[in-house]
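K.L.:
what follows is a predicted structure for the sequence shown.
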Amino acid sequence: MNNFKQEDFRGYKLSTVPEIDKRLAQTNSKTPCGEYLRRYWHPVALTSEVSEIPKEIRILGEDLVIFKSTKGKIGLVHKACPHRRASMAYGKTEDEGIRCCYHGWLFSTNGEILETPGENIDSKQAKKLRDTFKLGAYPVIEFNGLVFSYLGPMEKIPEFPHYDSFEIPGNISSPYRIDYNCNWIQVLDAIMDPLHTSFLHGQSSGIQFSEGFAEVGEIDFFERGIQYLGCNTRRINDNVWVRVNELILPNFTQAGAAFAADGTKSKYFGRSSFTRWVVPVDDHHCVALAWANFGDRGDPIEYNNQEGYERIEAGEISNRTQEEKQKNPGDAEAVEGMGSISSHKGEHLMPTDKGVMIYRRRIRKLSKDLEEGKDPPQPQKVKGQVVRTNGQDTILKAPKKNNNDKEYVKSICSSVMNMQFNLEDMPLKERDKSIINNLQEMEARGNFE
Ligand code: FES
Ligand SMILES: [Fe+2]
């Protein structure tokens with residue numbers, strides 16, 4: 001006889017591993033989500049990683065080689081040489097492109113076969129191949145320390161989008177990369193999960209950013225086209241701190257400051273500590289390629305170093321012992337701990353997971369639409385438009401008014417967000433100034449309607 005209650009111990013009953021969500025998690029070529037992602041520009045490397053020594057990279061499950069020709073042009077090509085599939089990572093860069101180590105074929109950065117030196121100069125077969133076949137190559141744009149590429153069909157190539165956060169006056173943006181040993185959705189989820197900052201970065205691991213983070217605020221979500229905003233609005237004494245995490249599909253993310261906000265001092269439309277993309281490497285790995293932003297509107301310049309980027313990205317530095325990781329887990333531990341692909345069907349999503357639910361649902365829908373021939377929307381509504389973003393910290397003096405402070409705090413968040421949305425079509429600099437003026441006026445009036 002024992003006293004164990006049958007209904008309590010469900011280990012055996014629940015011992016099968018739940019399924020993954022293939023539509024979101026699988027991103028190799030020709031998978032629905034892989035094809036969807038291939039309709040956008042993604043960062044694929046840091047400029048500092050690209051040199052005349054070819055570098056092997058994997059993006060969206062595809063093995064590629066990135067290099068700089070001796071004339072300084074960046075090429076991103078398939079790893080396998082089309083002759084007999086030697087790795088281009090062992091190729092030699094030249095003025096015009098890259099030469100395969102095995103039989104010396106020379107390829108331009110666009111993938112043209114320029115030379116097949118071992119073949120007879122009169123060989124019709126070799127000439128025909130040179131004229132008609134190409135090494136797989138992708139277009140690249142180098143911008144401010146990051147190399148972006150478009151890996152989709154060339155007849156669908158979109159304009160390279162510019163975001164307003166590319167040009168915040170006085171801002172210093174430093175490129176960084178942080179690699180994750182897990183599926184991209186696990187890393188992306190965290191941005192649409194503003195609640196985790198109160199626990200993971202405050203209550204569970206000790207204070208990783210600032211004390212205010214440990215407060216649990218009012219959680220709210222906004223869905224606007226393919227822009228998703230997740231707000232955690234906290235009461236910090238007489239102040240209300242509106243912190244806004246941002247996702248622009250498929251994988252552009254911003255938030256507020258990591259270290260320069262704690263809710264104690266007024267702040268008007270402070271901008272994100274990072275401007276970042278979460279890019280699938282393959283189904284079991286992804287990389288955050290980003291700029292860390294420093295200056296009056298971002299984080300203090302003292303964090304402008306590798307350790308700073310790691311802390312901005314994940315709350316903790318990467319190179320730690322298992323014991324340290326268990327004591328103070330950061331984002332990497334939270335998301336990699338799920339396994340390299342989380343068993344999504346075993347989740348129990350709650351109202352605070354609404355952000356995760358709505359953006360995942362949209363990606364499923366957009367990838368389905370694409371299967372039916374409908375092109376996915378780009379972040380810029382019209383050609384040439386700079387994309388307006390809303391990821392931020394705003395901290396306003398707003399002492400408690402009555403007993404229903406939760407509602408009051410929530411209403412401040414929606415007033416701030418709606419005011420910003422209403423100014424969306426304003427020219428860039430004017431929008432910035434108007435948002436700041438409006439916030440200061442709201443605060444002075446003590447009226448946030
Ligand atoms: S395998 Fe590349 S040239 Fe022969
Ligand atoms: Fe986090």
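P.N.:
Sure thing, it's come through. Ligands and ions are numbered 1, 2, ... in the order given.
K.L.:
I'd like to know how far residue 139 sits from ligand 2.
P.N.:
33 Å (CB to the ion, to the nearest Å). (C-beta placed from N, C-alpha, C; glycine too.)
K.L.:
for that residue, which non-adjacent residue is spatially closest?
P.N.:
Leaving out its chain neighbours, the residue that sits closest to residue 139 by CB to CB, 6 or more residues apart in numbering is residue 150, at 5.5 Å.
K.L.:
could you look up the SS state of residue 420?
P.N.:
Put simply, residue 420 is helix when judged by DSSP: H, G, I helix; E, B strand; the rest coil.
K.L.:
just the pLDDT for it.
P.N.:
What the model reports as pLDDT for residue 420 is 96.
K.L.:
if we can go back for a sec, got a pLDDT number for the residue nearest to residue 139?
P.N.:
98.
K.L.:
show me what it is bridged to.
P.N.:
Beta-bridge pairing of residue 150 under DSSP bridges involves residue 41.
K.L.:
burial measure for it, as a count.
P.N.:
Residue 150 has 21 neighbours, counted by other CB atoms under 10 Å.
K.L.:
now it: how far from ligand 1?
P.N.:
26 Å (CB to the nearest ligand atom, to the nearest Å).
K.L.:
ok, that residue touching residue 40?
P.N.:
Yes: taking contacts as CB atoms under 8 Å, residue 150 lies within contact range of residue 40: 7.4 Å.
K.L.:
common neighbours of the two, please.
P.N.:
residue 158 (CB atoms under 8 Å, 6 or more residues apart in numbering).
K.L.:
number of nearby residues for whichever residue of the stretch 251-400 of the chain sits closest to ligand 1?
P.N.:
Nearest residue of the stretch 251-400 of the chain to ligand 1: residue 282, at 24.1 Å (CB to the nearest ligand atom). Other residues within reach of residue 282, judged by other CB under 10 Å, total 18.
K.L.:
same check, this time on residue 178
P.N.:
Neighbours around residue 178, by other CB under 10 Å: 22.
K.L.:
list the helices and strands the helix or strand that contains it packs on?
P.N.:
Assessed by DSSP states H and E, residue 178 sits inside strand 172-180. Counting contacts by 3 or more CB pairs under 8 Å, 6 or more residues apart in numbering; DSSP states H and E, strand 172-180 is packed against strand 41-46, strand 285-294, helix 306-314, helix 331-336.
K.L.:
10 Å instead?
P.N.:
strand 41-46, strand 146-150, helix 184-189, strand 274-282, strand 285-294, helix 306-314, helix 331-336 (3 or more CB pairs under 10 Å, 6 or more residues apart in numbering; DSSP states H and E).
K.L.:
which parts of this structure sit against ligand 1?
P.N.:
81, 83, 84, 86, 100, 102, 103, 105 (CB under 6 Å from any ligand atom).
K.L.:
burial measure for the closest residue to residue 224 other than its chain neighbours, as a count.
P.N.:
Spatial nearest neighbour of residue 224, excluding adjacent residues (CB to CB, 6+ apart): residue 421 at 6.8 Å. Neighbourhood size, residue 421 [other CB under 10 Å]: 14.
K.L.:
same thing with the one 3 residues further on?
P.N.:
Around residue 424 sit 12 other residues, with neighbours defined as other CB under 10 Å.
K.L.:
mind telling me what element it is part of?
P.N.:
Judged by DSSP H and E, residue 424 forms part of no helix or strand.
K.L.:
pull the contacting residues for it.
P.N.:
224, 227, 381, 388, 390, 431 (CB atoms under 10 Å, 6 or more residues apart in numbering).
K.L.:
one step back: any bit of the strand holding residue 178 sitting next to ligand 2?
P.N.:
No: using CB under 5 Å from the ion, strand 172-180 never reaches ligand 2; the gap is at least 11.9 Å.
K.L.:
what residues sit buried inside that strand?
P.N.:
For strand 172-180, a neighbour-count test (16 or more other CB atoms under 10 Å) marks 173, 174, 175, 176, 177, 178, 180 as buried.
K.L.:
distance of the nearest residue to residue 261 once chain neighbours are set aside from residue 272?
P.N.:
Nearest non-adjacent residue to residue 261, counting by CB to CB, 6+ apart: residue 393, 4.1 Å away. Separation of residue 393 from residue 272 (CB to CB, to the nearest Å): 9 Å.
K.L.:
go on, residue 57?
P.N.:
Separation of residue 57 from residue 272 (CB to CB): 26 Å.
K.L.:
do the same with residue 234
P.N.:
17 Å.
K.L.:
these two: who's more crowded?
P.N.:
residue 272 (30 against 23).
K.L.:
just checking, that one touches residue 297?
P.N.:
Yes: at 8.9 Å, residue 272 and residue 297 qualify as touching, with contact defined as CB atoms under 10 Å.
K.L.:
show me where the stretch 51-200 of the chain dips below the pLDDT cut-off.
P.N.:
The model of the stretch 51-200 of the chain has no residue with pLDDT under 70.
K.L.:
can you list the residues of the stretch 51-200 of the chain near ligand 2?
P.N.:
Residues of the stretch 51-200 of the chain found near ligand 2 (CB under 5 Å from the ion) are residue 190.
K.L.:
so what strands line up beside the strand holding residue 178?
P.N.:
strand 285-294 (antiparallel).
K.L.:
what are the boundaries of the helices in the stretch 151-300 of the chain?
P.N.:
184-189, 196-198 (DSSP state H, counting those that start in this stretch).
K.L.:
from the chain's centre, how far out does the shortest one sit?
P.N.:
Helix 196-198 sits 18 Å away from the centroid of its parent chain (CA atoms, centre = their mean, to the nearest Å).
K.L.:
buried stuff in that helix?
P.N.:
196, 197, 198.
K.L.:
quick one, domains of the chain?
P.N.:
According to automatic domain parsing, the chain comprises the domains 46-156, 164-445.
K.L.:
most tightly surrounded among those?
P.N.:
domain 164-445 (a mean of 19; mean count of other CB atoms under 10 Å).
K.L.:
who are the neighbours in contact with the residue in the stretch 51-200 of the chain that ligand 2 sits nearest to?
P.N.:
Using CB to the ion, residue 190 is the residue of the stretch 51-200 of the chain that sits closest to ligand 2, at 4.9 Å. The contact partners of residue 190, by CB under 10 Å, 6+ apart, come to 196, 197, 200, 245, 253, 255, 278, 314, 331, 334, 335, 356.
K.L.:
with residue 115 instead?
P.N.:
Applying CB under 10 Å, 6+ apart, the residues near residue 115 are 94, 96, 97, 99, 104, 105, 106, 107, 126, 130.
K.L.:
for it, grab phi and psi.
P.N.:
phi -140, psi 140 (degrees, to the nearest 10).
K.L.:
give me the beta-bridge partners of it?
P.N.:
residue 106.
K.L.:
and residue 360, that's in a helix?
P.N.:
Yes: per three-state DSSP, residue 360 lies within a helix segment.
K.L.:
quick one, what contacts it?
P.N.:
Taking CB under 10 Å, 6+ apart as the test, what residue 360 contacts is 21, 23, 24, 185, 188, 189, 192, 344, 349, 353.
K.L.:
how near is it to residue 230?
P.N.:
13 Å.
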